[in-house]
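**Student:** Here's my sequence, what's the structure:
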Amino acid sequence: MEVIQTGFQGLLVLKPKVFKDDRGFFLESYNQEKYNQLNMSNFVQDNQSVSKKSVLRGLHFQYAPFAQGKLVEVLRGAVLDVAVDLRSDSPTFGKHYKIELNGLSQEQFYIPAGFAHGFVTLEDDTLFSYKCTNFYAPNHEASILWNDQELNIDWQVDNPILSEKDACAKLFSEINFQDVV
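**Tutor:** Residues are numbered from 1 along each chain as shown. Below you'll find the predicted structure:
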């Protein structure tokens, strides 16, 4: 597996070794020993979503003590994936990193606790998978407005399909960053 540093502490792009032949391909999608060597916490919950094109989910995070790290990948389709650094003591605080993930490249994206995470689907019937380092805790979840001008994220979509929760999320300036991690 190739590990690509992003310039954000702990935020990693992972390229698994893919074995292809005329039958298809094989890859190792998770190996606890290898991920522990990368200082990734043990994962306790797996989630999947299927979305049509232009669905935007995010920017989500959970406050401590339920902050989550996430290992995400696209199994079918494609997304523009975004992580925003919420760690107030980080040199990349308030900055975002984005990457296109798709079912053909099989790349994974590790987002440590202390980041907000979101994605917009670029194709219909996109199957998105993520492993989480902490359980879902609805009383500790929060969302940042996807089009907050302070973050200035180019989502490459003008009118995304949003949930009610994401449409009325907080502005970045309204977040209590002391309780993020």
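
**Student:** Could you verify my assumption that D166 touches G58?
**Tutor:** Yes: at 6.8 Å, D166 counts as touching G58 under the criterion of C-beta atoms under 8 Å. C-beta coordinates here come from the backbone N, C-alpha and C atoms, glycine included.

**Student:** okay, and the common contacts of those two?
**Tutor:** In the contact map built from C-beta atoms under 8 Å, 6 or more residues apart in numbering, the residues linked to both D166 and G58 are 143, 146.

**Student:** Of the two, which one has the most company?
**Tutor:** When D166 and G58 are compared on other C-beta atoms under 10 Å, the one with more neighbours turns out to be G58, at 24 against 20.

**Student:** Identify the residues contacting the host helix or strand of that one?
**Tutor:** Taking DSSP states H and E as the criterion, the element that holds G58 is strand 56-62. If you take C-beta under 8 Å, 6+ apart as the criterion, strand 56-62 is touched by 49, 51, 67-68, 82, 84, 86, 115-121, 134, 136-137, 140-146, 155, 157, 160-163, 166, 169, 180.

**Student:** Check which element follows the longest helix belonging to the chain along the chain.
**Tutor:** Using DSSP state H to assign secondary structure, the helix with the most residues in the chain is helix 32-37. Counting by DSSP H and E, the element after helix 32-37 in chain order, helix or strand, is strand 45-51.

**Student:** From one end of stretch 109-116 to the other, what's the distance?
**Tutor:** Separation of the first and last residues of stretch 109-116 by C-alpha to C-alpha, to the nearest Å is 13 Å.

**Student:** That one: how far from the chain's middle?
**Tutor:** Computed by C-alpha atoms, centre = their mean, to the nearest Å, the chain-centroid distance of stretch 109-116 equals 6 Å.

**Student:** With stretch 76-83 instead?
**Tutor:** For stretch 76-83, the distance from its own C-alpha centre to the chain's C-alpha centre is 8 Å (C-alpha atoms, centre = their mean).
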